[in-house]
Each structure stands twice: as structure tokens, then as C-alpha cells.
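Enquirer: Sequence first, then the predicted structure, then my questions.
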Amino acid sequence: GAVVSQHPSRVICKSGTSVKIECRSLDFQATTMFWYRQFPKQSLMLMATSNEGSKATYEQGVEKDKFLINHASLTLSTLTVTSAHPEDSSFYICSAKPGTGFEDIQYFGAGTRLSVL
Amino acid sequence: AQKVTQAQTEISVVEKEDVTLDCVYETRDTTYYLFWYKQPPSGELVFLIRRNSFDEQNEISGRYSWNFQKSTSSFNFTITASQVVDSAVYFCALSEGEGGGFKTIFGAGTRLFVKA
């Protein structure tokens, strides 16, 4: 099956620093990538949809200046949490799909656990 | 509006028992897709199945089976002869076309514990 690599798997940082998370599709071209946030024992909350070569579409309530998304190529999207604070601590998951159709299967990365001290 | 309801928050069974995870959805679209994903303790969601709204045929894959009933807007997932490795959180998801903004909505998930 399709493989999505997410790096790093875990990061601990000091308050005020920025953290970059990478999401790569390893064996397919990902026209669309998604970034989710998951709180403990809760479902996935969609943060933004990222299309290659265009600006990301953010969900309501998600600060685009706080969570910078760059989909620079068909295999790579990055999420940068700028000036991270303890409330940003969470599990961030990316997913990718080979097309733009709503029927497409999303393939998920292993997630990044961010802890902001 | 889209909505996916997984009413069972946690289920605990003993190995070899059968278990059914419920999923009820709401949609006004006639064309939509339903998915099940498994999230083991490692965190990575694993795709299990996709079903489109026009295909109500039940599906079996090894110990897994799915029952799609449009009349009750349900897409239930059954694990037969459960094993400890089945312990995970299972998410049901709904994806719509233009009516839903081409987005996928996940249910709250059902945490399954399979005890040896």
C-alpha cells in the first residue's frame, strides 16, 4: 500500500520556538495533503488542506499565521508551528492522497507528538 | 451537514470473542464514501475499507466484515474471533462531494481492548 512518512515522530521544544514537521509520500504523488490535530482520546480535527503549488486552505478557527503550511512538491508538505506555546502541545497527523477526488483513500503518517515546555 | 456517530466509546472483549463496532452517519448527498481506519497504539492510522454509497454489498476480508445499510445509514464493522493485536482505536469516516465540501469527517472513534 501507499506509504506516508512523517518526521519527526516526537519533538520537545521550549515555549516561543518554532517547530517544523515534514510529511512525505514515498511511493506516490500526493496532489492533496491534510494536516490534523488529535487530542488525547479524541478524534482527528482537520486543520488544513494543502494542495501542491497553491496556498493551503485552513479550517475555521485555525490560525494560518500560527500554523504555516507549505506544499512545495507533489511528495512533500511541511507544517511549521510558529512561536509554539504549551497549548500547542498535541499529536499532529498528516495524510496524503494521490488525487483530488473525495473518493480517494487518505494514507496517514505515523504522527508527531509535540510537547511544548 | 455531515455527521458520523460512533456511539461506543470503548469496548472490552476477551480474545476469540466476536465484536461489532457501530457507525451511523448523516448526509444529504446521494453520492458519498464511507471508510474505516484503525489506529493502533503506535499512532498511525491504517486504512481498512472504502465503500461507495451505491454499493451495499457486504464485504468480508479475513476476520473482518462490514455491513452497509443505507436504510439505517449505518456502516458497521465486525471482527470475528478477536485477537490481542486487534486492540486499537477504530475510526469510521464519511466523505462527501460538493455538498460536503469534498471533506472527510471522522467519527469520535471506538477504542477496542482485546484481553488475552
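Expert: That came through fine.

Enquirer: What about the nearest residue to A:L79 once chain neighbours are set aside, how many residues nearby?
Expert: With sequence-adjacent residues excluded and distances taken as CB to CB, 6 or more residues apart in numbering or on different chains, A:L79 is closest to A:I21, at 4.6 Å. C-beta: built from backbone N, CA, C; applies to glycine. Residue neighbour count, defined by other CB atoms under 10 Å in any protein chain shown, stands at 24 for A:I21.

Enquirer: residues in contact with A:I21?
Expert: A:I21 is in contact with A:6-8, A:11, A:78-81, A:92, A:94, A:112, A:114, counting by CB atoms under 8 Å, 6 or more residues apart in numbering or on different chains.

Enquirer: Mind telling me what element it is part of?
Expert: In this structure, A:I21 is located in strand A:19-25 according to DSSP states H and E.

Enquirer: do A:K64 as well
Expert: Going by DSSP H and E, A:K64 is not in any helix or strand.

Enquirer: Mind listing the residues bridging to the closest residue to it other than its chain neighbours?
Expert: Counting by CB to CB, 6+ apart, the nearest residue to A:K64 once its immediate chain neighbours are dropped is A:Y58, at 4.8 Å. Counting by DSSP bridges, A:Y58 forms beta bridges with A:A48.

Enquirer: Buried members of the contacts of A:I21 into PyMOL, please.
Expert: Selection of buried members from the contacts of A:I21 for PyMOL, criterion 16 or more other CB atoms under 10 Å in any protein chain shown:
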select buried, chain A and resi 6+11+78+79+81+92+94+112+114
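
Enquirer: what's the neighbour count on B:E98?
Expert: A count of neighbours around B:E98, defined by other CB under 10 Å, yields 9.

Enquirer: Tell me the spacing between it and chain A.
Expert: Separation of B:E98 from chain A (CB to the nearest CB, to the nearest Å) stands at 9 Å.

Enquirer: which ones are touching that residue?
Expert: By CB under 8 Å, 6+ apart, the contact set of B:E98 is empty.

Enquirer: Apart from its chain neighbours, what residue comes closest to the residue nearest the centre of chain A?
Expert: What sits nearest the mean C-alpha location of chain A, by CA atoms, centre = their mean, is A:W35, with 3.3 Å. Leaving aside its sequence neighbours, A:W35 sits nearest to A:M47 (CB to CB, 6+ apart; 4.6 Å).
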